[in-house]
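K.L.:
sequence-free structure coming up:
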């Protein structure tokens with residue numbers, strides 16, 4: 001992997017060698033990559049008063065208002081951008097031409113944190129040639145990232161409520177890892193909370209309601225999901241811990257996650273790893289539910305399959321993504337990654353990061369061409385470990401040198417006769433999935 005001391009020429013040579021080693025097969029050439037990334041570290045979206053009201057505890061103070069990208073978050077985003085720029089150096093370079101038009105970045109305009117993350121990535125990926133990400137006007141809802149919020153799609157109430165009702169039966173407990181996470185949070189925040197009227201209770205039954213055209217799930221596990229994510233963000237930001245405890249070995253093992261590098265605060269890192277299963281479980285129940293994820297994410301899914309097919313791909317503002325862009329980056333949220341996981345039949349987990357959609361996690365759709373000229377798609381995911389996010393270290397400073405995980409899509413063929421996932425096969429599979437749920441004509 002590249003290091004900072006390499007000259008530009010040495011970097012290019014090393015990267016070309018690395019790409020040759022990473023090719024799926026001999027003679028394959030990488031033609032384009034589309035990256036979908038989560039924004040950097042942000043503060044909790046709730047106010048400090050709301051956090052205290054929901055948990056009974058005063059949380060550590062953040063240096064920015066609720067829901068905003070932090071300066072530390074920008075540093076981590078820049079590290080990821082630098083790594084991705086090096087990793088795909090051969091793709092971004094164009095015969096040594098300075099500021100070649102090979103990069104295009106589009107950020108969700110709805111939130112400042114996504115626009116700012118897009119700006120940081122634009123600068124680092126282009127070596128300063130591109131200063132800002134493109135987007136809709138600030139604050140406008142973008143159908144690429146959430147077609148429900150933008151009003152381009154609506155949910156079918158009965159289908160969603162029926163499906164959620166089946167996944168949230170009162171007599172079916174959550175998996176053991178989520179139960180352990182919930183119990184741990186209970187002991188940390190309100191050991192006696194479940195026995196008091198109106199007390200903080202992380203095992204309270206789930207309550208399902210419908211408001212403003214969308215389902216709302218409340219209850220103990222929903223609270224555990226939010227609280228565990230806030231604890232992760234707090235740890236990654238390097239703030240004093242709101243709650244702290246030494247984690248018994250059994251609890252730490254049950255979390256299934258252990259940092260590969262020495263954590264700055266071992267007990268706190270283990271605490272975060274032990275409670276994140278609540279967040280992952282809740283995300284799979286709701287964000288990855290096909291009845292929600294497909295209408296929410298179909299516009300972005302269609303844009304991705306169009307780009308992989310090398311078709312002209314329109315944007316919500318009426319522009320078209322430049323045909324010269326060999327790297328296209330979409331900057332969204334953890335919910336963006338969750339909905340694409342559903343739409344493309346993907347799943348992943350990390351051994352050194354308890355949150356599969358942690359800040360800066362980047363899902364990649366690589367378009368390759370084999371030696372015979374046949375195009376095919378490979379799915380990858382890049383991430384930063386829990387400790388890398390906390391200390392802001394280079395992505396390559398890891399046991400695996402920052403290499404992405406290669407993913408398998410459930411939508412792609414897996415037979416002796418047809419092994420490659422071509423853009424055409426992928427587009428048909430995604431469209432069939434959308435048609436089945438949204439009742440579109442095939």
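P.N.:
Here it is on my side, so go on. Not measured: the values here are computed from a predicted model.
K.L.:
who touches the residue nearest to residue 344 when sequence neighbours are not counted in this structure?
P.N.:
Distances taken as Cβ to Cβ, 6 or more residues apart in numbering put residue 409 closest to residue 344, at 5.4 Å, once the chain neighbours are dropped. Every residue, glycine included, has its C-beta placed from N, CA and C. Neighbour list for residue 409: 344-346, 379, 421, 426 [criterion: Cβ atoms under 8 Å, 6 or more residues apart in numbering].
K.L.:
now with 10 Å?
P.N.:
Contacts for residue 409 (Cβ atoms under 10 Å, 6 or more residues apart in numbering) come out as 341, 344-347, 365, 377-379, 421, 426, 429-430.
K.L.:
same thing with residue 51?
P.N.:
44-45, 57-60, 66, 226-227, 230, 242.
K.L.:
most neighbours, which of the residues you listed?
P.N.:
Neighbour tally across the contacts of residue 51 (other Cβ atoms under 10 Å): the maximum, 28 neighbours, falls on residue 227.
K.L.:
Can you give me the buried ones in the helix or strand encompassing it?
P.N.:
According to DSSP states H and E, residue 227 maps onto helix 220-237. Neighbour counts over helix 220-237 (16 or more other Cβ atoms under 10 Å) mark 220-237 as buried.
K.L.:
for that helix, packing partners?
P.N.:
The helices and strands touching helix 220-237, judged by 3 or more Cβ pairs under 10 Å, 6 or more residues apart in numbering; DSSP states H and E, are helix 48-55, helix 71-87, helix 176-189, helix 266-285, helix 386-391.
K.L.:
How about residue 214, nearest residue that isn't a chain neighbour?
P.N.:
Closest residue to residue 214 apart from its sequence neighbours, by Cβ to Cβ, 6+ apart: residue 155 at 6.2 Å.
K.L.:
from what I can see the one you found touches residue 162, true?
P.N.:
No. Applying Cβ atoms under 10 Å, one finds residue 155 not in contact with residue 162, separated by 11.9 Å.
K.L.:
Show me the common contact partners of these two, please.
P.N.:
residue 291.
K.L.:
And the two? Which one has more around it.
P.N.:
residue 155 (17 against 11).
K.L.:
The more buried one - that's part of a helix, no?
P.N.:
No. Counting by DSSP: H, G, I helix; E, B strand; the rest coil, residue 155 falls outside a helix, being coil.
K.L.:
Can you tell me how far it is from residue 212?
P.N.:
Distance of residue 155 to residue 212, given as Cβ to Cβ, to the nearest Å: 11 Å.
K.L.:
same check, this time on residue 268
P.N.:
37 Å.
K.L.:
So which of these two has more stuff around it?
P.N.:
The neighbour comparison of residue 268 against residue 212 (other Cβ under 10 Å) goes to residue 268, with 21 against 5.
K.L.:
Help me confirm that the more buried one comes into contact with residue 244.
P.N.:
Yes. Assessed by Cβ under 10 Å, residue 268 is found in contact with residue 244 at 6.0 Å.
K.L.:
Please report how far residue 424 lies from residue 377.
P.N.:
10 Å.
K.L.:
Quick check: residue 163 is in a helix.
P.N.:
Yes. Residue 163: assigned to a helix according to three-state DSSP.
K.L.:
Pull up the per-residue confidence for the closest residue to it other than its chain neighbours.
P.N.:
Using Cβ to Cβ, 6+ apart and skipping the chain neighbours, the partner closest in space to residue 163 is residue 291 (5.1 Å). Residue 291 carries a pLDDT value of 93.
K.L.:
Which residues are in contact with residue 291?
P.N.:
Residue 291 touches 155-164, 215, 342, 437, counting by Cβ under 10 Å, 6+ apart.
K.L.:
Give me the buried entries from the residues you listed.
P.N.:
Buried, going by 16+ other Cβ under 10 Å: 155, 160-161, 163-164, 215, 342, out of the contacts of residue 291.
K.L.:
ok, which stretches of this structure are strands?
P.N.:
29-38, 103-107, 207-211, 214-218, 327-332, 362-369, 375-382, 405-407 (DSSP state E).
K.L.:
Of all those, which one is nearest residue 189?
P.N.:
Among those, the nearest to residue 189 by Cβ to Cβ is strand 214-218 (16.8 Å).
K.L.:
mind listing what's buried in the closest one?
P.N.:
215, 217.
K.L.:
now for it, which elements pack on it?
P.N.:
Using 3+ Cβ pairs under 10 Å, 6+ apart, strand 214-218 is in contact with helix 157-167, strand 207-211, helix 290-308.
K.L.:
Give me the sheet partners of it and which way each runs.
P.N.:
strand 207-211 (antiparallel) (DSSP bridges).
K.L.:
What lies in contact with the partner strand?
P.N.:
With Cβ under 10 Å, 6+ apart, strand 207-211 has contacts from 155, 157, 160-161, 164-165, 168, 215-220, 222.
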